[in-house]
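[1] the sequence isn't on hand, but the structure is:
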């Protein structure tokens with residue numbers, strides 16, 4: 001019923017990097033980060049784009065000539081551009097925002113730009129790896145996680161992401177080793193316990209999954225993903241009222257949580273509360289349009305099961 005853990009991996013990218021740049025670009029970047037946090041992704045992307053333009057400027061000596069049409073190719077004209085290395089960080093921020101909109105291709109393009117500008121920026125490789133994981137390009141994702149870990153060996157998100165790749169590849173021992181490393185680095189990071197719990201959920205270990213989700217809640221009572229995870233386990237176990245309670249809590253904590261609306265919609269439909277279920281699924285699609293085809297397919301399955 002629910003998509004694999006890779007659909008939830010966006011939580012790895014929720015923390016943007018703070019850009020130190022010249023004054024106006026800095027203000028635009030800070031504003032973009034604030035709008036990203038509020039879910040105003042279109043506005044955030046516009047602000048990040050403006051910041052990038054300010055950090056990618058024409059060499060003064062050639063600036064005037066660059067605006068005069070000549071036989072020079074666009075590529076040759078672009079060659080006079082001077083890129084502030086700090087633009088790489090803003091590309092990462094914008095890529096994260098594209099990722100939050102489930103636009104993996106544009107996210108990857110921005111992470112590519114960040115790496116081109118600053119090849120030693122470990123976070124860019126880790127973010128690109130996560131977007132590649134979202135596209136199920138496991139080998140490419142693994143290579144990027146390895147590179148990111150080499151550059152930034154204390155980045156917890158890299159180990160979590162690589163653990164997901166190992167799970168997808170069926171490499172159980174490597175999967176647990178990476179989670180062990182992640183927990184060792186940040187024993188109070190709820191992301192780690194949520195992700196390990198979701199892996200346990202997918203493996204059929206309901207008790208282990210709930211233990212991890214509840215530990216994440218203990219670390220952060222406002223951690224919406226943990227309530228989503230526990231709600232999904234309870235749905236699988238047939239405890240519909242308990243599942244609805246958890247998923248409602250997740251939505252209260254994050255009113256734009258498409259995955260929680262999707263999950264609660266399925267629970268409502270299973271419970272025979274059709275109008276409420278359809279309303280939740282419509283809301284999930286409005287927030288994350290890419291979910292439409294999967295949701296429509298699952299509705300058809302639920303109807304078929306009900307008919308039988």
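    Perfect, thanks for sending it. Just so it is clear, the structure is predicted and the values come from calculations on it, not from any experiment.

[2] OK, contacts around the closest residue to residue 212 other than its chain neighbours?
    In space, not counting the residues next to it along the chain, residue 212 is nearest to residue 197; the distance is 3.0 Å by Cβ to Cβ, 6 or more residues apart in numbering. No exception for glycine: its C-beta is placed from N, CA and C like everyone else's. The contact partners of residue 197, by Cβ atoms under 8 Å, 6 or more residues apart in numbering, come to 208, 209, 210, 211, 212, 213, 216, 226, 229.

[3] just residue 231 next, same as before
    Contacts here follow Cβ under 8 Å, 6+ apart; on that basis residue 231 touches 242, 243, 244, 245, 246, 247, 250, 260, 263, 264, 267.

[4] rerun that using 10 Å as the cut-off
    Residue 231 is in contact with 213, 239, 242-251, 260, 263-264, 267, counting by Cβ atoms under 10 Å, 6 or more residues apart in numbering.

[5] same question, residue 243
    With Cβ under 10 Å, 6+ apart as the criterion, the residues that contact residue 243 are 230-237, 263-264, 266-268, 270-271.

[6] re earlier: what subset of the contacts of residue 197 is buried?
    Buried positions within those, assessed by neighbour count (16 or more other Cβ atoms under 10 Å), are 208, 209, 210, 212, 213, 216, 226, 229.

[7] I'd like those residues as TSV, with secondary structure appended.
    TSV is the format used below for the buried ones among the contacts of residue 197 (DSSP: H, G, I helix; E, B strand; the rest coil):
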residue	secondary structure
208	helix
209	helix
210	helix
212	helix
213	helix
216	helix
226	helix
229	helix
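
[8] and the furthest pair within these?
    Within the buried ones among the contacts of residue 197, two members stand farthest from each other by Cβ to Cβ: 208 and 226, at 13.9 Å.

[9] residue 122 is in contact with residue 148, correct?
    Yes: shown here, residue 148 and residue 122 form a contact pair, counting by Cβ atoms under 10 Å, at 4.7 Å.

[10] hang on, residue 101 packs against residue 40?
    No: between residue 101 and residue 40 no contact is recorded; they are 11.3 Å apart, counting by Cβ under 10 Å.

[11] those two: which is more packed in?
    Taking neighbours as other Cβ atoms under 10 Å, residue 101 and residue 40 compare with residue 101 leading, 19 against 16.

[12] any idea how far the nearest residue to the more buried one once chain neighbours are set aside is from residue 32?
    Excluding the flanking residues, the one nearest residue 101 by Cβ to Cβ, 6+ apart is residue 41, at 5.2 Å. When Cβ to Cβ, to the nearest Å is the yardstick, residue 41 and residue 32 sit 10 Å from each other.

[13] what's the answer for residue 278, then?
    Taking Cβ to Cβ as the measure, residue 278 falls 35 Å from residue 32.

[14] and those two? Which one has more around it.
    When residue 278 and residue 32 are compared on other Cβ under 10 Å, the one with more neighbours turns out to be residue 32, at 27 against 14.

[15] was I right about that one contacting residue 91?
    No: counting by Cβ under 10 Å, residue 32 sits too far from residue 91 to count as a contact (11.9 Å).

[16] follow-up on the earlier one: among the contacts of residue 243, name the buried ones.
    The neighbour-count test (16+ other Cβ under 10 Å) marks 230, 231, 232, 233, 234, 235, 263, 264, 266, 267, 268, 270 as buried among these.

[17] I'd assumed residue 224 was in contact with the first one.
    No: in terms of Cβ under 10 Å, residue 230 does not count as a neighbour of residue 224; the distance is 11.1 Å.
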